[in-house]
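Enquirer: please find the sequence and the predicted model below.
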Amino acid sequence: MTPSVFGQIWVNSPHCASGYYTIYGEESLQADHFNTKLSFGDPQTLWARTGYLGFIKRTELLDASGDRHDALFVVGSLDETLELRGLRYHPIDIETSVSRSHRSIAESAVFTWTNLLVVVAELSGSEQEALDLVPLVTNVVLEEHHLIVGVVVIVDPGVIPINSRGEKQRMHLRDSFLADQLDPIYVAYNM
C-alpha cells in the first residue's frame, strides 16, 4: 500500500443523499457538497464531499479473507480547522497539548482572532496558579505546533460552551470573548 494522503473524505454510494432537507421538507441542494465529479476517473460517477478530513492507513486487523485491511481515520471537520501562516491546524491537537501542559487545566479551547491564536483554558486549581499557566501554555503550543499564542485567557471551569453531543462550541466561545463576556480570571496578550 502506498502511504496515505491526508485530505477531505469523499463518498460514493447508491445511498448518498442528493442534498440536505430543510425543516419545511424541501431539498436544499448544495452543489459544493453533493453531485461532485473528480477530474480523473469515470466522469459519470458522482461523489458527496463529507466536509471531514481523514486518511487511510493499513491496520494489523484481518478481514474475512485473512488479509490485513485499510481503515479510514477521521480527523475532524474541515470547517473547524484553523488557518495560520498559510497552514491548517486542527483545534483538538492544540487543545490536547494545552490540557496536558498542567494538571490545573480542566479543559481548553482555541480559535483565531485577527490572525492571532487565542487559547482559553479552564482553571481547576487555585486562582494563584493562573499566572503560572501562561508561560506553560505558550511554550507547549510553540514547542509542539510551532505556533505563537497571541492571547491566553484563563477562566473558571464550565465557561467553555459544550453542546448536547459533548462538542466544544468554539465559535460561541469566540463570540463571548469578542463581546467581553467571559469574566476571565486572567488574560495575557502576546502581541
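Expert: Right, received. Where do you want to start?
Enquirer: longest helix in the protein, please.
Expert: helix 130-145 (DSSP state H).
Enquirer: using PDB, write out every CA atom in that helix.
Expert: C-alpha atoms of helix 130-145 as PDB (Å, rounded to 0.1, in the frame of the first residue of the first chain):
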ATOM      1  CA  ALA A 130      -3.500  31.300  36.800                       C
ATOM      2  CA  LEU A 131      -0.400  33.500  36.200                       C
ATOM      3  CA  ASP A 132       1.900  30.400  36.200                       C
ATOM      4  CA  LEU A 133      -0.200  28.800  33.400                       C
ATOM      5  CA  VAL A 134       0.500  31.400  30.800                       C
ATOM      6  CA  PRO A 135       4.200  30.500  30.000                       C
ATOM      7  CA  LEU A 136       3.300  26.800  30.200                       C
ATOM      8  CA  VAL A 137       0.500  27.200  27.600                       C
ATOM      9  CA  THR A 138       2.600  29.400  25.300                       C
ATOM     10  CA  ASN A 139       5.600  27.100  25.500                       C
ATOM     11  CA  VAL A 140       3.800  23.900  24.800                       C
ATOM     12  CA  VAL A 141       2.000  25.300  21.700                       C
ATOM     13  CA  LEU A 142       5.300  26.700  20.400                       C
ATOM     14  CA  GLU A 143       7.200  23.500  21.000                       C
ATOM     15  CA  GLU A 144       4.600  21.000  19.700                       C
ATOM     16  CA  HIS A 145       2.900  23.100  17.000                       C
END
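Enquirer: which strands and helices lie in contact with it?
Expert: Packed against helix 130-145 by the contact rule (3 or more Cβ pairs under 8 Å, 6 or more residues apart in numbering; DSSP states H and E) you find helix 91-100, strand 105-113, strand 116-123, strand 149-155, strand 186-189. In short, each C-beta sits where N, CA and C put it, glycine included.
Enquirer: any chance of a markdown table for these, columns mean pLDDT and distance to residue 63?
Expert: Formatted as a markdown table, these follow (pLDDT from 0 to 100; distance: least, Cβ to Cβ, whole Å):
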| stretch | mean pLDDT | distance to residue 63 |
| --- | --- | --- |
| helix 91-100 | 93 | 29 |
| strand 105-113 | 93 | 38 |
| strand 116-123 | 95 | 42 |
| strand 149-155 | 95 | 44 |
| strand 186-189 | 92 | 52 |
